[in-house]
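Asker: 3D model of this:
(one chain, ligands or ions: 1)
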Amino acid sequence: MSQSGSEAALRAQELRAELEEHNRRYYEQDDPTIGDREYDALLDELRALEAEHPELVTLDSPTQKVGAKRLDRFEPVEHAIQMLSLGNARNADELNGWLDRARSHLARESIEVDDFSYVVEPKIDGLAVSLRYEDGVFVRGATRGDGVVGEDISQNLMTIASIPKKLSNAPRVLEVRGEVYLPIADFAALNERRAAAGESTFMNPRNSAAGSLRQLDPAVAAERPLAIWAYGLGEVEGVVFERHSQSLAQLAEWGFPVNPGIATIEGAEAVVQACDGWLERRDELPYEIDGAVVKVDDFELQRRLGTVGREPRWAIAWKFPPTTATTLLRAVHWNVGRTGHIVPFAELEPVSIGGVTVSFTTLHNGDDLARKDVRPGDQVIVLRAGDVIPQVISPAPHEVDRPDRSEAPKVPSECPSCGTATVRVEDSVWTICPNKRGCTGQQWQALRHFVKRGAMDIEGLGDERLSELMEAGMALTPADLYTLDWSQLEDRKGWGSKSVEALKASLTESLDRPFAKVLYGLGIERIGEVNARSLAQRFRSMEALMAAEPAAIEETPGIGPIQAEVVAETVREPEFIELIDKLRAAGVQLEESGPAAGEGHLDNKTFCLTGSLPTLTREEATERILAAGGRVTSSVSKKTDFLVAGEAAGSKLEKAERLEVTVLDEAALLAMLEA
Ligand code: IVH
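Answerer: As a prediction, this is how the structure comes out:
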């Protein structure tokens, strides 16, 4: 429906103001309140209005610019060659439309091509940068800015280890363009750390990368494990490439990270398949992609196709559905964790994000909840990236001013499980239930943790069975599981003699679990699987650990002073001592039977695992390395001796190659284990 001139003028003004505000939040504050989709919808509406009423177009309309104003904090850098933007296609039809247009454009130029080669790349959701090298030396790095002028962020880019600082056999001038990003796992860890420290969390990996690169203090940027994928060239002097694929191969040769999944594809049909392939693999990738980019490979054809506005005709982005969604926050509930922490979680109107339905998700802690200011009844923005737990990010922007908003939820003054008055822990974001011995909520979580996979792995004790045992007063602590009154169980409804026999068998089997698993299963605060293993390897027995002073515990690899303090405190608590006595009587392993660290034939060598191995699961490989006296870490560093790489190995493999860490496949690992 067309609007009258004055209505249209008013609406255009409104849209411009809104878009400018969103641009400001996105580019200057790295803190957007709406997702790409919603932003695009506003921009599309303004474009349509301006198309219908050309008199409304202003020179500074957001439709006429690529991005927003650059920041004044960094020196401006004029790009020798503009940093372009990309047109979008949302589905196969739109992609085919672009392919047809490109072909007929060339036909009009009398270039008869049936079809040609394309390069299909992941569209990395990070921040575009341009790196300039003169005579092989890195001289400057800049953000895209508005495409013409960006910001000089050389200092921060220098902190990214995978960006080469010197090139051999380089041309006179070389500008490399690529996307800086923060791997999803590092983003999640960063947000967790920030939430725990009472700082604001980032909305998504893109924003955390952008926020990190725009740090005025390079030391802060250096602490964030940023990475880069190179995907193109800017100004080049002294070398000529015929094809984009050829230039990417040369970039890899010079040492730039070039995504190994980039493929050169013949013919339009296969292009659609290749894009679909990226969509399918999206969740398995350790970094966020928001689409696939298709580029015409031949530089001469690219030149002929040229650009319209700021978008090349020779490339297009196939945008994937967003990983954020807006939904209703039905309620905020509170739970007590196994170590007494009172944790809020969100009950959401079920919403599908990237093919997964999200109904509940954690809200971390009371402080984080207060900072985000999401309230029951709000429409909220939820992010789901990779296989990381979904996060509630913020209220939808219009909610904040709604007059009839509900009250902000408060951390309960009584434990939601046992009713004991809660206690705020000084200098932390936590409120806890101090009723360690008698809180059913804590007991329940502790039991669940003890029996779960990775810990004692006791089959046949799902949530339902466990709560039945608890409610009947038959099992309140892990030790009770080993002294169950079986006759009483057999009489209970739903527990046939078969399931009782099976449970008996899995409990007996759990007596063989190594000490490290038992230690992990005990659920000591801040002690995860890896730390439990290190402690077990170092102290070799529960007895030794229980006698250890914090200083000695801190000498364990991976254990910091706070963790050491917590462990020393926990193992001295009367409840803990009593539990250990009972577990010992039940026959649970409280001593390490494998070789001590450094005693096996792998001699304390450090391994890191990445990708999926053909036969071993990651857990099995880890177990076997540890059993042979090796160590397993989660990230590659100079101290890593071997990287065991399987299918779809990602950034760890690149890092290992850069640091010249020996890379093994599964066969080589097995040979080493058997040696
Ligand atoms: S090519 C003309 N390739 O997407 C070519 N861009 O909307 C311009 N991006 O600013 C860029 N991955 O930040 C290209 N493989 C890729 C990309 C990619 C991510 C970003 C980049 C650019 C934006 C375009």
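
Asker: surely L476 meets W444?
Answerer: No: look at L476 against W444 with C-beta atoms under 8 Å: they stay out of range, at 9.2 Å. Quick note: C-beta positions are derived from backbone N, CA and C, even for glycine.

Asker: Pull up the overlap in contacts between these two.
Answerer: Both L476 and W444 are in contact with M470, where contact means C-beta atoms under 8 Å, 6 or more residues apart in numbering.

Asker: list the contacts for the closest residue to the ligand within the stretch 1-150 of the chain?
Answerer: Nearest residue of the stretch 1-150 of the chain to the ligand, counting by C-beta to the nearest ligand atom: A128, 3.2 Å away. Counting by C-beta under 8 Å, 6+ apart, A128 touches 83, 143-144, 177-179.

Asker: since we're on the closest residue to G291 other than its chain neighbours, how many residues are nearby?
Answerer: Leaving aside its sequence neighbours, G291 sits nearest to K123 (C-beta to C-beta, 6 or more residues apart in numbering; 3.8 Å). Residues contacting K123 under the criterion other C-beta atoms under 10 Å number 22.

Asker: Most neighbours out of the contacts of A128, which is it?
Answerer: Neighbour counts for the contacts of A128 (other C-beta under 10 Å) peak at T143, which has 27 neighbours.

Asker: just to revisit the earlier point, and L476 and W444? Which one has more around it.
Answerer: Between L476 and W444, counted using other C-beta under 10 Å, W444 has the larger neighbour count: 20 against 16.

Asker: Is it correct that that one is in contact with M470?
Answerer: Yes: counting by C-beta under 8 Å, W444 does reach M470; the two are 6.0 Å apart.

Asker: For the stretch 101-250 of the chain, which segments count as strands?
Answerer: For the stretch 101-250 of the chain, the strands defined by DSSP state E, counting those that start in this stretch cover 117-124, 127-134, 137-143, 149-151, 173-181, 227-237.

Asker: ignore the last one, the stretch 551-675 of the chain
Answerer: With DSSP E, counting those that start in this stretch, the ranges of strands along the stretch 551-675 of the chain come out as 606-610, 631-633, 642-645, 662-664.

Asker: Looking at those strands, which is nearest to D217?
Answerer: Nearest to D217 among these is strand 631-633 (28.2 Å), distances taken as C-beta to C-beta.

Asker: tell me the contacts of the residue nearest to G291?
Answerer: Contact analysis of K123 by C-beta under 8 Å, 6+ apart lists 86, 289-293, 317-319.

Asker: could you redo the last one with a cut-off of 7 Å?
Answerer: K123 is in contact with 289-293, 317, counting by C-beta atoms under 7 Å, 6 or more residues apart in numbering.

Asker: same thing with I389?
Answerer: Applying C-beta under 7 Å, 6+ apart to I389 gives the contacts 361-362.

Asker: buried ones in the lowest-mean-pLDDT helix or strand in the chain?
Answerer: Counting by mean pLDDT, DSSP states H and E, the chain has its least confident helix or strand at helix 218-223, which shows a mean of 76. Using 16 or more other C-beta atoms under 10 Å as the test for burial, helix 218-223 gives 221-222.

Asker: rewinding a little: how close does the residue of the stretch 1-150 of the chain closest to the ligand get to I160?
Answerer: A128 is 14 Å from I160, where distance means C-beta to C-beta, to the nearest Å.
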